[in-house]
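**Q** structure, please.
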Amino acid sequence: MISRVRSLVAVCLTLLLLTSIEGVKLKFRYEECMTYDFEMYTPFYGSFVAMPDVYGYAAQYNLVVTSPSGTKVHETHAMSEGRFHLIPYETGRYKFCLTLNQDRQMSRYVMARDVIWDLHVGHADHTHDNVKEHDTQSLWHYVNQIDAQIQQLRSTQQYLYWRERRHRQTVDSTNRRVW
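**A** Reported below is the predicted structural model:
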């Protein structure tokens, strides 16, 4: 059974290596800020995709890109996915802040959310390389299979633990009566 899980993990890793997804998966509750250094006039582009939570709801985010001088160079409001393409007019550290848009969040906004973040430096020659939700959907099948196998392993492990414990009690009880 463990070899089956290992083979599923190997398949998922192979799929990840063969696909051209170069995104980073972020898990956060309210806000995540990242900084990157860019040279002047060197274009960069990127995208983000909110993954659905356990209820199937993809949260919406605000993205704010701030230049080294503190001016906002890009803003996106209440989007579950978005892309941007910018040319920096200053050299330095740019700040990217993804904030959970709590306007539509009722009581579930405190859950940790998953977002795929993708950023490239240079010209956007391959716009199809930006992360899309459908790029990750094929991997969720394998993730769910691995999760089911892990749950089955845990259940079997728990069963074997309690079975061994019950047998140990029987053996101890028998030994006490015999000796």
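**Q** where does pLDDT dip in this structure?
**A** Applying pLDDT under 70 to the chain picks out residues 1-23, 25, 103-111, 123-138.
**Q** the strands in it, which residues?
**A** For the chain, the strands identified by DSSP state E occupy 24-28, 31-38, 44-50, 61-66, 72-79, 81-86, 92-100, 113-121, in order along the chain.
**Q** go ahead and confirm Val64 touches Lys72.
**A** Yes - with contact defined as C-beta atoms under 8 Å, Val64 reaches Lys72; the gap is 5.9 Å. Where C-beta positions appear, they are placed from N, C-alpha and C, glycine not excepted.
**Q** overlap in contacts, the two.
**A** Residues touching both Val64 and Lys72 by C-beta atoms under 8 Å, 6 or more residues apart in numbering: none at all.
**Q** list the contacts of Glu31.
**A** Listed by C-beta under 8 Å, 6+ apart, the contact partners of Glu31 are Cys97, Leu98, Thr99, Leu100.
**Q** what separates it from Gly82, distance-wise?
**A** Remark: distance between Glu31 and Gly82 (C-beta to C-beta, to the nearest Å) = 16 Å.
**Q** now do Gln149
**A** Noted for Gln149: a distance of 35 Å to Gly82, by C-beta to C-beta.
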